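[1] model this:
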Amino acid sequence: MSDLSPQSVFSGLAPAIVWKHFATLCEIPRASKEEGRLRQHLQDWAAARGLTATVDAAGNLLVRKAASAGRAHLPGVVLQAHLDMVCQNNADTPHDFSRDPIRPVRRDGWLAAEGTTLGADNGIGVALMLAVLEDDQLQHGPIEALFTVDEEAGMGGARGLAADRLQGRLMLNLDTEEWGEFYLGCAGGLDVNVARPGAGVAVPDGFATCRVSLRGLRGGHSGVDIHEQRGNAIKLLVRVLRELERAMPLRLAELRGGSARNALPREAEATIAVPAAELARVPDLLNRAESALRDELGGVDDAVALQVTRCDVARVMAPADQAAWLASLHAAPHGVRRMSRRVPGVVETSNNLGMVDLHPNGGSCNFMVRSLLDSGSLALAEEIVSLFALSGTSATLAGYYPGWAPNPDSPLLALCQSVYRREFGAESKVQVIHAGLECGIIGAKYPGLDIVSFGPTIRGAHAPGESVDISSVDRSWHLLRAILAAVS
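    Reported below is the predicted structural model:
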């Protein structure tokens, strides 16, 4: 199917009750920590339907729906998804995520955003929950719909959830991205935040300045896609700068890349100064570097590109600061550290160098470390701290969250598998995901809460071009209704 206009892109999509809610989510900005407008809209919507809706101190919205007739005695079910989305756009796609709506397109059975993220992660989960709250024909026990905030920027909503808010004994998290799979565990993790002050100096006499940009990478989710060995724009550009340093005197003024801690950096740029007589050599050196990168990343990130443009800057980093940053970033780990021996085919420990912002007067960068083993994430994080300590650069640990330990004997999992088999005539899969879900944090606050996660197929989460398989949304709605009706 060809592209449709933004006004008609949702026309005819099934189930209409789900897609109309996702259309609303596309219209209301919902960056992490900026979910207030959407939360108020949903609170007003729930009140208009006679549903009890409350907001806690962390900003999470909890909406309760009474059981269907004759089902008040059944175990309560918590439905859970997060309101915020990762906000990423390509450099050539101007978009203000605090104001501009998402404009999806429809093509070949997929709904996507071109040049920006779509917000299907976790907007489809939110839309499914709203459909449950709206549909009075569903058969179900007591329902609690928990809409958390700030998931993408540190799981702040789940962290702030009080241990006495939820009454249900079962929880369906709707934040996974592969139809036909039930998730029963996830990685935990923490952040390493690095900062170093600086004292900039004037551009040396006889030096000319230019900007080197690296673009064209696919990016993606730093947990889901980390094993695919996609390029990291920050790491690659640092490598290029080190190669330029070997070819000529080079002074670094600025280095910026990445815009989200949990997204693989797609773009980065550096402002540099080189002797004016050497400036003409830079394009040729970059062409050689680009050719080498394309050869290395063939089949993964074929479109990687380097570009140089003239620019004017007055100050550059002090030589000691430049040496400390480039050497440390060049040596810093990124990607898969270890595959799991307990869960074959699943990444155990990894980290993502997600953001860097360097300038003459200082700078910072962030690493997001994940592991199925809490000891694994801490060990890797401490390695990064030790690396930066060698240059006297401060690195601190923050935002720890626990993993979600699998329970293969989960009664809820057995129910979900049985319903899936009955409704779709096929066997489902059980998975453990390397990405972080709020299930671990919530489960730690509510011991004994039986949790399973599922959702539609989403591709490219956390990167421009993010898309969702339309038919899998319909199947997810069918499955969700059937599970709720089967709880006994």
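
[2] so where's the stretch 101-250 of the chain uncertain?
    Judged against pLDDT under 70, the stretch 101-250 of the chain has no low-scoring part.

[3] Which parts of it are strands?
    Along the stretch 101-250 of the chain, counting by DSSP state E, counting those that start in this stretch, strands occupy 104-107, 110-113, 143-148, 170-173, 181-186, 188-197, 201-202, 207-215, 220-221.

[4] Just list what the first one packs against, helices and strands only.
    Packed against strand 104-107, as judged by 3 or more CB pairs under 8 Å, 6 or more residues apart in numbering; DSSP states H and E, are the following elements: strand 110-113. All C-beta spots, glycine's among them, are computed from the backbone N, C-alpha and C.

[5] Just the CA atoms of the strand it packs on, as CSV, please.
    Extracted C-alpha coordinates of strand 110-113, given in CSV (Å, rounded to 0.1, in the frame of the first residue of the first chain):
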residue,chain,number,x,y,z
TRP,A,110,3.4,-1.3,8.4
LEU,A,111,2.8,2.0,10.1
ALA,A,112,6.0,4.1,10.3
ALA,A,113,7.4,7.5,10.8
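
[6] In its sheet, which strands sit next to the longest strand along the chain, and in what direction?
    Using DSSP state E to define each element, the chain has its longest strand at strand 347-359. Strand pairing for strand 347-359, determined by DSSP bridges: strand 251-257 (antiparallel), strand 335-339 (antiparallel), strand 362-371 (antiparallel).

[7] How far does that strand sit from its chain's centre?
    13 Å (CA atoms, centre = their mean, to the nearest Å).

[8] Save the strands of the stretch 101-250 of the chain as JSON lines, and put in mean neighbour count too.
    JSON lines is the format used below for the strands of the stretch 101-250 of the chain (neighbours: other CB atoms under 10 Å):
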{"stretch": "strand 104-107", "mean neighbour count": "20"}
{"stretch": "strand 110-113", "mean neighbour count": "22"}
{"stretch": "strand 143-148", "mean neighbour count": "25"}
{"stretch": "strand 170-173", "mean neighbour count": "25"}
{"stretch": "strand 181-186", "mean neighbour count": "23"}
{"stretch": "strand 188-197", "mean neighbour count": "21"}
{"stretch": "strand 201-202", "mean neighbour count": "12"}
{"stretch": "strand 207-215", "mean neighbour count": "20"}
{"stretch": "strand 220-221", "mean neighbour count": "22"}
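
[9] closest to G376 out of these?
    strand 188-197 (9.2 Å; CB to CB).

[10] Could you check the angle the closest one makes with strand 347-359?
    Calculated by axes from the mean of the first three to the mean of the last three CA atoms, to 10 degrees, strand 188-197 forms an angle of 20 degrees with strand 347-359.

[11] still on that earlier bit, would you turn the strands paired with strand 347-359 into JSON lines with mean neighbour count?
    Formatted as JSON lines, those follow (neighbours: other CB under 10 Å):
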{"stretch": "strand 251-257", "mean neighbour count": "23"}
{"stretch": "strand 335-339", "mean neighbour count": "17"}
{"stretch": "strand 362-371", "mean neighbour count": "24"}
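
[12] ok, M171 - contacts?
    Going by CB atoms under 8 Å, 6 or more residues apart in numbering, M171 touches 77-80, 439, 442, 449-452.

[13] Format the strands of the stretch 101-250 of the chain as a markdown table; extra columns: distance to E383.
    Output for those, formatted as a markdown table (distance: least, CB to CB, whole Å):
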| stretch | distance to E383 |
| --- | --- |
| strand 104-107 | 41 |
| strand 110-113 | 36 |
| strand 143-148 | 31 |
| strand 170-173 | 31 |
| strand 181-186 | 22 |
| strand 188-197 | 9 |
| strand 201-202 | 32 |
| strand 207-215 | 26 |
| strand 220-221 | 23 |
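
[14] which stretch among these comes nearest M339?
    strand 181-186 (15.3 Å).

[15] Would you mind pulling up the elements that that closest one packs against?
    Against strand 181-186 (3+ CB pairs under 8 Å, 6+ apart) you get helix 411-424, strand 429-433, strand 450-453.

[16] if you set the cut-off to 6 Å instead, what comes out?
    Packed against strand 181-186 by the contact rule (3 or more CB pairs under 6 Å, 6 or more residues apart in numbering; DSSP states H and E) you find strand 429-433.

[17] buried ones in the strand it packs on?
    Buried residues in strand 429-433, defined by neighbour count with 16 or more other CB atoms under 10 Å: 430-433.

[18] Number of residues surrounding G12?
    10 (other CB atoms under 10 Å).

[19] same thing with V308?
    16.

[20] now swap in W45 and tell me
    Applying other CB under 10 Å, we find 17 other residues in the vicinity of W45.

[21] thinking again about what came up before, compute the inter-axis angle for the longest strand of the chain and strand 429-433.
    40 degrees.

[22] among the strands paired with strand 347-359, which is nearest R71?
    Closest among these, once you apply CB to CB, is strand 362-371, at 39.1 Å.

[23] need the contact list for L38.
    By CB atoms under 6 Å, 6 or more residues apart in numbering, L38 lies in contact with 28, 30, 83.

[24] Now secondary structure and pLDDT too, for those residues, in CSV please.
    Below are these laid out as CSV (DSSP: H, G, I helix; E, B strand; the rest coil; pLDDT from 0 to 100):
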residue, secondary structure, pLDDT
I28, coil, 97
R30, coil, 97
L83, coil, 98
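
[25] Of the residues you listed, select the buried ones using a PyMOL command.
    In PyMOL, a selection of the buried entries from the contacts of L38 looks like this (16+ other CB under 10 Å):
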select buried, resi 28+30+83
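
[26] So which of the contacts of L38 is the closest to R251?
    Distances from R251 to these, taken by CB to CB, are shortest for R30, at 41.1 Å.

[27] Need the pLDDT of the nearest residue to that closest one once chain neighbours are set aside.
    Nearest residue to R30 in three dimensions, chain neighbours excluded: L38, at 4.7 Å (CB to CB, 6 or more residues apart in numbering). Note for L38: predicted pLDDT of 98.
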